[in-house]
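K.L.:
sequence? don't have it. structure:
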């Protein structure tokens, strides 16, 4: 764990809360390079009517636009929940160096999301990827996002 | 193999060729439901400066917009190359029923693409996914797209 990991995870959590208030699902992510926030997004699958619009994918797209490159080497992604295999692979393509996440993918599954049950560690091992993975940063607060989301009257998983 | 599988794969190949002519990488995909083409795209990673803009992701996004739903159940995706783990997982999230592809992911790797080396069959098995996978439809023509791309003076893999 690095000094700033908790700070940036709090930012991802704050973004996820913003998404929940706006009727979206409880996932947030931000991308940081050299101590600077490059991109931050919550999930907008419902808003955008786009099943690929996970928080991590949105943040990666934003970061590419902002830095005018498809190469996010040297970046860390902070995700409130363990990235799904789609998002993990997107991090790989982008060359992201570190994946820091809060609660595990099984929490999303427990709350009704149709997760492919392949952990980031499993994906990393299978693919012999060099990405660094740090799980469990503010895990309890990240899991709390799902409980907050569950109280919303019009919540919809997928 | 179904009657129309070759026909729709030819469409994906045609789209990939269009992409190559426009300076993009040699991947095409189309999504079909009940015999009708819903969406068709080539890879636009370079054009869009978006590392997630694979042909399959673009086609899924287009199909969601067109059908006004994030649920692509009943759809088949035709992809000139075996979908990478990002695109495979996106198909899962979208509920796509069948994945039909041309050449294997190792061909992309051989031509310099930084593929995570996890096949669709492996992903399906690990995740206990019910998606149907049909490999090798017009595999030789699909692999030929890479050779065509390789002749382009300004080609760039990633």
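P.N.:
Yep, it's here. Note that this is a predicted model, so its numbers are computed, not measured.

K.L.:
a helix runs through residue A:155, doesn't it?
P.N.:
No: looking at residue A:155 with DSSP: H, G, I helix; E, B strand; the rest coil, it is coil, so not inside a helix.

K.L.:
So for stretch A:66-73, mean pLDDT?
P.N.:
Average pLDDT, stretch A:66-73: 98.

K.L.:
Mind listing what's buried along it?
P.N.:
Residues of stretch A:66-73 classed as buried: A:67, A:70, A:72 (neighbour count, 16 or more other C-beta atoms under 10 Å in any protein chain shown). Backbone N, C-alpha and C define where each C-beta goes, glycine included.

K.L.:
now do stretch A:87-98
P.N.:
Buried residues in stretch A:87-98, counted by 16+ other C-beta under 10 Å: A:87, A:88, A:89, A:90, A:91, A:92, A:93, A:94, A:95, A:96, A:97, A:98.

K.L.:
and residue A:41, helix, strand or coil?
P.N.:
Under three-state DSSP, residue A:41 comes out as strand.

K.L.:
List the beta-bridge partners for it.
P.N.:
residue A:29 (DSSP bridges).

K.L.:
So it versus chain B, what's the distance?
P.N.:
13 Å (C-beta to the nearest C-beta, to the nearest Å).

K.L.:
Then residue A:49?
P.N.:
Applying C-beta to the nearest C-beta to residue A:49 and chain B gives a distance of 5 Å.

K.L.:
who touches the residue nearest to that residue when sequence neighbours are not counted in this structure?
P.N.:
Among residues not flanking residue A:49 along the chain, residue B:64 sits closest, at 5.4 Å (C-beta to C-beta, 6 or more residues apart in numbering or on different chains). Neighbour list for residue B:64: A:49, A:50, A:51, B:70, B:72, B:94 [criterion: C-beta atoms under 8 Å, 6 or more residues apart in numbering or on different chains].

K.L.:
I'd like the distance from residue A:127 to residue A:114, if you could.
P.N.:
22 Å (C-beta to C-beta, to the nearest Å).

K.L.:
So between the two, which is more surrounded?
P.N.:
For residue A:127 and residue A:114, the more surrounded residue by other C-beta atoms under 10 Å in any protein chain shown is residue A:127, and the numbers stand at 17 against 12.

K.L.:
Surely the more buried one and residue A:92 touch.
P.N.:
Yes: counting by C-beta atoms under 8 Å, residue A:127 touches residue A:92, with 7.1 Å between them.

K.L.:
Find the residues that touch each one of those two.
P.N.:
Both residue A:127 and residue A:92 are contacted by residue B:116, under the criterion C-beta under 8 Å, 6+ apart.

K.L.:
excluding its backbone neighbours, what's nearest residue A:61?
P.N.:
In this structure, residue A:61 finds its nearest non-sequential neighbour in residue B:50, 5.3 Å apart by C-beta to C-beta, 6+ apart.

K.L.:
Do a quick rundown of the strands in chain A.
P.N.:
Ranges of strands within chain A are A:28-33, A:36-42, A:75-81, A:98-103, A:132-134, based on DSSP state E.

K.L.:
Which one, of the ones you listed, ends up nearest to residue A:110?
P.N.:
Among these, the nearest to residue A:110 by C-beta to C-beta is strand A:98-103 (9.8 Å).

K.L.:
who does that closest one pair up with?
P.N.:
Strand A:98-103 has the following strand partners under DSSP bridges: strand A:75-81 (parallel), strand A:132-134 (parallel).

K.L.:
now the angle from the longest one to strand A:36-42?
P.N.:
Read it as strand A:75-81. Relative orientation of strand A:75-81 versus strand A:36-42 (axes from the mean of the first three to the mean of the last three C-alpha atoms, to 10 degrees): 30 degrees.

K.L.:
how far out from the middle of the chain is strand A:75-81?
P.N.:
Distance of strand A:75-81 from its chain centroid, counting by C-alpha atoms, centre = their mean, to the nearest Å, is 5 Å.

K.L.:
same check, this time on the last one
P.N.:
When C-alpha coordinates are averaged (C-alpha atoms, centre = their mean), strand A:132-134 and its chain have centres 13 Å apart.

K.L.:
next one: stretch A:15-31
P.N.:
Distance, stretch centre to chain centre, for stretch A:15-31: 10 Å (C-alpha atoms, centre = their mean).

K.L.:
From residue B:109, how far out is residue A:94?
P.N.:
Counting by C-beta to C-beta, the gap from residue A:94 to residue B:109 is 18 Å.
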